[in-house]
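Engineer: With the sequence up front, the predicted model follows.
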Amino acid sequence: NAGVTQTPKFRILKIGQSMTLQCTQDMNHNYMYWYRQDPGMGLKLIYYSVGAGITDKGEVPNGYNVSRSTTEDFPLRLELAAPSQTSVYFCASSYDRGLIHEQFFGPGTRLTVL
Amino acid sequence: GDSVTQMEGPVTLSEEAFLTINCTYTATGYPSLFWYVQYPGEGLQLLLKATKADDKGSNKGFEATYRKETTSFHLEKGSVQVSDSAVYFCALIGGSYIPTFGRGTSLIVHP
């Protein structure tokens, strides 16, 4: 199993550009999440999904969109990039096994908006 | 809502020193508790977990005990190594299935 994979690893965008951060998991997990990590600020939840076709907003959804057409894929879309979106983005997945719900994280995408 | 509070870092220790990183939480019901570790340039990975009161999670020499009476889940290791240098996150998942993370504590271990 590859686990959770993310592409690209690094990206520089100009203000106003758009891009999609890709996330794929091969563990047949039903839950998937997108976080951003700013220095010294921990993780903030952007969007999450409890299964294919179902998505919901997290703590900081503004400026982002997601879709979940398959169990495996959960792309994150930035429509009009802003400097405030400079961050490291992590995708994670988990499965429903009672209340254990440990999360498996991807390696992250480091995004800079100039 | 749920919340997790961790001691601020960085925590700087010499090799073979004893480590404690404090974590307290606020949650309704009986959440599951986790410690995750993040090595430089990588994503988070699960270090240990506990799902009910008085459970002790352990892995790689690290331990943490789920203390419901003090709403705490402190991380300890008896003898740290340089390779333990990383950022450690305390987290919980309650009934909503949305995880709550602490802000992370950076650990620096010197030879």
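Structural biologist: Looks like it came in fine. Numbers count the residues shown, from 1 in each chain, chains lettered A, B, ... in the order given.
Engineer: Quick one: find the helix or strand in chain B with the lowest mean pLDDT.
Structural biologist: strand B:100-101 (a mean of 92; mean pLDDT, DSSP states H and E).
Engineer: quick one: is that one near chain A?
Structural biologist: Yes - residues of strand B:100-101 contacting chain A under C-beta under 8 Å from any C-beta of the partner chain: residue B:101. Backbone N, C-alpha and C define where each C-beta goes, glycine included.
Engineer: C-terminal to that strand, what's the next element?
Structural biologist: strand B:105-110 (DSSP states H and E).
Engineer: who touches residue 111 in this structure?
Structural biologist: Went with chain A since none was named. A:10-13, A:19, A:21, A:78, A:85-89 (C-beta atoms under 8 Å, 6 or more residues apart in numbering or on different chains).
Engineer: oops, I was thinking of chain B
Structural biologist: B:14-15, B:82.
Engineer: what's the closest of the residues you listed to chain A?
Structural biologist: residue B:82 (22.5 Å; C-beta to the nearest C-beta).
Engineer: Relative to residue B:84, how far out is the closest residue to that closest one other than its chain neighbours?
Structural biologist: Spatially, and ignoring its direct neighbours in sequence, residue B:82 is nearest to residue B:109 (5.0 Å; C-beta to C-beta, 6 or more residues apart in numbering or on different chains). According to C-beta to C-beta, to the nearest Å, residue B:109 and residue B:84 sit 5 Å apart.
Engineer: ditto for residue B:42
Structural biologist: Residue B:42 is 14 Å from residue B:84, by C-beta to C-beta.
Engineer: Neighbour count: the two, which is higher?
Structural biologist: Shown here are residue B:42 and residue B:84; by other C-beta atoms under 10 Å in any protein chain shown, residue B:84 has more neighbours (20 against 14).
Engineer: I'd guessed that one sits against residue B:108; true?
Structural biologist: No - counting by C-beta atoms under 8 Å, residue B:84 stays clear of residue B:108, with 9.5 Å between them.
Engineer: Now do the contacts for the residue most central in space within chain A.
Structural biologist: In chain A, the residue lying closest to the centroid (C-alpha atoms, centre = their mean) is residue A:34, at 2.8 Å. The contact partners of residue A:34, by C-beta under 8 Å, 6+ apart, come to A:21, A:23, A:45-48, A:58, A:64, A:66, A:74, A:76, A:89-92.
Engineer: do that again at 10 Å, thanks
Structural biologist: A:6, A:21, A:23, A:44-49, A:55, A:58, A:60-61, A:64, A:66, A:74-76, A:89-92, A:106 (C-beta atoms under 10 Å, 6 or more residues apart in numbering or on different chains).
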